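In: The following block contains a protein sequence and its predicted model.
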Amino acid sequence: MRLQETLTVSIQEAVFQSFGVTPEKIEFQATRKEFEGDITVVIFPLLKIIKGNPVQIGESIGNYLVQNHPHVVKYNVVSGFLNIVISDDYYIQYFNEIRHNPTFGFVNNLDTKAVMVEYSSPNTNKPLHLGHIRNNLLGFAVAEILKASGKKVYKTQIINDRGIHICKSMLAWQLFGEGQTPESTGLKGDKLVGNFYVAFDQAYKKEIATLIAEGKSEEEAKKQAPLLLKAQEMLRQWEAGDEEVVALWKKMNQWVYDGFEQTYTALGVDFDSYYYESNTYLLGKEVVQYGLDKGIFERDPDGSVWIDLTQEGLDRKIVLRSDGTAVYMTQDIGTAIQRVKDYPDVGGMVYTVGNEQDYHFKVLFLILKKLGFEWAESLYHLSYGMVELPSGKMKSREGTVVDADDLMAEMTQTAGSIAVELGKLEGYSASEKEALFKIIGLGALKYYILKVDPKKQIMFNPEESVDFNGNTGPFIQYTHARICSILRRADFDYSNDVSLILHEKEKELVKIISNFPDVIQDAARQHSPALIANYTYELVKEYNSFYQSVSILGETDSAKKIFRVQLSKIVAQTIRNAFGLLGIQVPERM
């Protein structure tokens, strides 16, 4: 049993002996640094079942623990908080149990129900940008954290590959660049198609300006611009299955898919399945009839179908237009149902989508619950804030987005410049330098984004993220490399268990390491990679304090030296495992 579990049993016994009742749950927290102790029991919740002074209750429980729990050596009570000091023997024993486990903190697949995590979900009319990077990093990290917590996970995305925005790029290619290919231009396919999307918008604005000059209102000009009318006609042709239009659509989409895959590989994210809007946009229409039959949906006089959610504090939501065409909500209902058909063991889904869609997902989840799907109780919107730059918001149509590939290249270049300035590259070949710069640059980018609570907006500062000091990816990577250097120089056998009195810095490190399993579970429950990121930073800060406070390889006491090397090794392992959950590599030399 783990420490909190054994303490819970002893505290329940103490309360029953002294007060004749047994509390169901005991609340623990970390002891505040200004007080002596390793773990703290919060007494206030016990006042619901025990009448008395919280200090006296704490004293009673503390006395019992010292006398009856094998690892409690002393205690102190501050107001309603019982601070408990745990013996060194417990931490040594615990450390010796976990240090041989390379996946300490991870739980093997316990749950029979799988979770499907959706992320990325781009449009095929433009390359991935900084906003997509946050989406991909969050979705991938949450999927990895859920796996580590004991869940079976499927990673998926839905690609928005149809609609008027796709036709705009196709039309612009026909008008302004027919014959251009990724091969002939040397551009990635997604960038080439994205350029035509921008070109359409530029030409469209000129047409609007001309029509306004001819006396049209702005609203009339936007609707009557010849380019828009041509794009709308192309969409109708696509929906009718016109062979030439469909062939062009397939060709240009494939260029984009190939470009996306290059970006995903560079970013280090992957997927188990892909869904395409061109295949799913008709899904859900048959569910509408089921909802009508069950009285969940209602048909208006014009033939449109709605659901009334006003009783739940929402509004009426359309699920089928009067002409019988589906809306996005209908499509999302159908796609969710289809995914469970495709993967019958799915018991829940996580949708990684920006916070501008909060209301959409409230409605979607509620409709699926009303339709009676059991798995609808386990749907989660991983809502996240936008990423902005000091220069302001990004706009795809105007070509002012921060391209994902360009940003990754810039981060690699910045990391290289800083590493050269620091002069830590003796003995590296050119290829080794390039690989290291990519690891540092991408690590800086990923950590800067993932250390922030998903719900918060991010102001991204590339130079700040590559700082080798403070709460940054490179600072943590450098500490890992420092430990690897220690392990390389430890030319003695440090495999045996040892028993000794712990230095306060050693004890603090073991305590932080012991929290790793709980941090993984908390991060999984909260769908928050930030908990993993900031835990790793706290671990690294504490290790650097330990490194400054005690001698490791220079220690003359062999038992202490062996233990400190062992401790360094498991810290490095925990950094690797934690960063692995975030999709961040750690170098062995820097």
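Out: Arrived safely.

In: is it fair to say Gly348 lies in a strand?
Out: Yes. When DSSP: H, G, I helix; E, B strand; the rest coil is applied, Gly348 is found to be in a strand.

In: pretty sure it is touching Ser378, no?
Out: Yes. Between Gly348 and Ser378 there is a contact at 3.0 Å, judged by C-beta atoms under 8 Å. In this view, the C-beta of every residue, glycine as well, is placed from N, C-alpha and C.

In: Give me the common contacts of those two.
Out: Between them, Gly348 and Ser378 share the neighbouring residues 113, 115, with contact defined by C-beta atoms under 8 Å, 6 or more residues apart in numbering.

In: Quick check, pLDDT for the residue nearest to the spatial centre of the chain.
Out: The chain has Leu138 as the residue nearest its centroid, 2.4 Å off, counting by C-alpha atoms, centre = their mean. Per-residue confidence for Leu138 comes out at a pLDDT of 98.

In: What distance do you get for it to Tyr380?
Out: When C-beta to C-beta, to the nearest Å is the yardstick, Leu138 and Tyr380 sit 12 Å from each other.

In: Phe260 too?
Out: Plainly put, Phe260 is 25 Å away from Tyr380 if you go by C-beta to C-beta.

In: Which one of those two is surrounded by more residues?
Out: Neighbours per residue (other C-beta atoms under 10 Å) separate Phe260 from Tyr380, with Phe260 holding more: 22 against 16.

In: who does the helix or strand hosting that one touch, helix- and strand-wise?
Out: The secondary structure element spanning Phe260 is helix 243-267 (assigned by DSSP states H and E). Taking 3 or more C-beta pairs under 8 Å, 6 or more residues apart in numbering; DSSP states H and E as contact, the helices and strands that helix 243-267 lies on are helix 130-148, helix 164-176, helix 182-185, helix 189-213, helix 226-239, helix 404-422.

In: Which SSE is immediately downstream of it?
Out: Proceeding C-terminally, helix 243-267 gives way to strand 273-276 as the next helix or strand, assigned by DSSP H and E.

In: Tell me which residues are up against that following strand.
Out: Outside strand 273-276, the residues within contact range by C-beta under 8 Å, 6+ apart are 154-159, 161, 335, 338-339, 342-343.

In: what mean pLDDT does it have?
Out: In this model, strand 273-276 carries a mean pLDDT of 96.

In: Any buried residues in the next helix or strand after that strand, and which?
Out: Scanning the chain past strand 273-276 towards its C-terminal end, the next helix or strand to appear is helix 277-280 (assignment: DSSP H and E). For helix 277-280, the neighbour count (16 or more other C-beta atoms under 10 Å) marks 277-278, 280 as buried.

In: packing partners for the helix or strand following helix 277-280?
Out: Downstream of helix 277-280, the next assigned helix or strand under DSSP H and E is helix 285-293. Based on contacts counted as 3+ C-beta pairs under 8 Å, 6+ apart, the elements that helix 285-293 packs against are strand 305-308, strand 316-320, helix 328-342.

In: And the contacts of the helix or strand following helix 285-293?
Out: Beyond helix 285-293 on the C-terminal side, the first helix or strand identified by DSSP H and E is strand 298-299. Under the contact criterion C-beta under 8 Å, 6+ apart, strand 298-299 has outside partners 292, 305-308.

In: what's the burial count for Ser217?
Out: 11.

In: Gly348 and Ser378 - which one has more neighbours?
Out: More neighbours sit around Gly348 than around the other of Gly348 and Ser378, counting by other C-beta under 10 Å; the figures are 18 against 14.

In: Show me where the stretch 351-500 of the chain has its helices.
Out: Taking DSSP state H, counting those that start in this stretch as the test, the helices found in the stretch 351-500 of the chain are 358-370, 404-422, 430-450, 462-465, 473-489.

In: Let's have these in a markdown table, adding mean pLDDT.
Out: As requested, the helices of the stretch 351-500 of the chain are arranged in a markdown table below (pLDDT from 0 to 100):
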| stretch | mean pLDDT |
| --- | --- |
| helix 358-370 | 97 |
| helix 404-422 | 90 |
| helix 430-450 | 95 |
| helix 462-465 | 85 |
| helix 473-489 | 97 |
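
In: Dump those helices to a markdown table, plus mean neighbour count and distance to Ala247.
Out: Listed next are the helices of the stretch 351-500 of the chain as a markdown table, based on neighbours: other C-beta atoms under 10 Å; distance: least, C-beta to C-beta, whole Å:
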| stretch | mean neighbour count | distance to Ala247 |
| --- | --- | --- |
| helix 358-370 | 17 | 33 |
| helix 404-422 | 17 | 28 |
| helix 430-450 | 21 | 38 |
| helix 462-465 | 16 | 41 |
| helix 473-489 | 20 | 45 |
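
In: and Ala266, which of those helices is closest to it?
Out: When the helices of the stretch 351-500 of the chain are ranked by proximity to Ala266, the top entry is helix 404-422, at 5.7 Å, counting by C-beta to C-beta.

In: still on that earlier bit, want to throw the helices of the stretch 351-500 of the chain into a markdown table with distance to Gln331?
Out: Rendered in a markdown table, the data for the helices of the stretch 351-500 of the chain read as follows (distance: least, C-beta to C-beta, whole Å):
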| stretch | distance to Gln331 |
| --- | --- |
| helix 358-370 | 10 |
| helix 404-422 | 26 |
| helix 430-450 | 29 |
| helix 462-465 | 37 |
| helix 473-489 | 38 |
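
In: and of the ones you listed, who's closest to Ala148?
Out: The minimum distance between Ala148 and the helices of the stretch 351-500 of the chain falls on helix 430-450, with 14.8 Å, by C-beta to C-beta.

In: hmm, back to that, among the contacts of strand 298-299, which ones are buried?
Out: Neighbour counting over those (16+ other C-beta under 10 Å) leaves 305, 307 as the buried ones.

In: any idea which of the contacts of strand 298-299 is closest to Gln174?
Out: Gln174 lies nearest to Val305 out of the contacts of strand 298-299, by C-beta to C-beta, at 37.2 Å.

In: Can you tell me how far Gln311 is from Val327?
Out: Here Gln311 is placed at a distance of 21 Å from Val327 (C-beta to C-beta).

In: Between these two, point out the one with more neighbours.
Out: Neighbours around Gln311 and Val327, counted as other C-beta under 10 Å, are more numerous at Val327. The numbers are 17 against 6.
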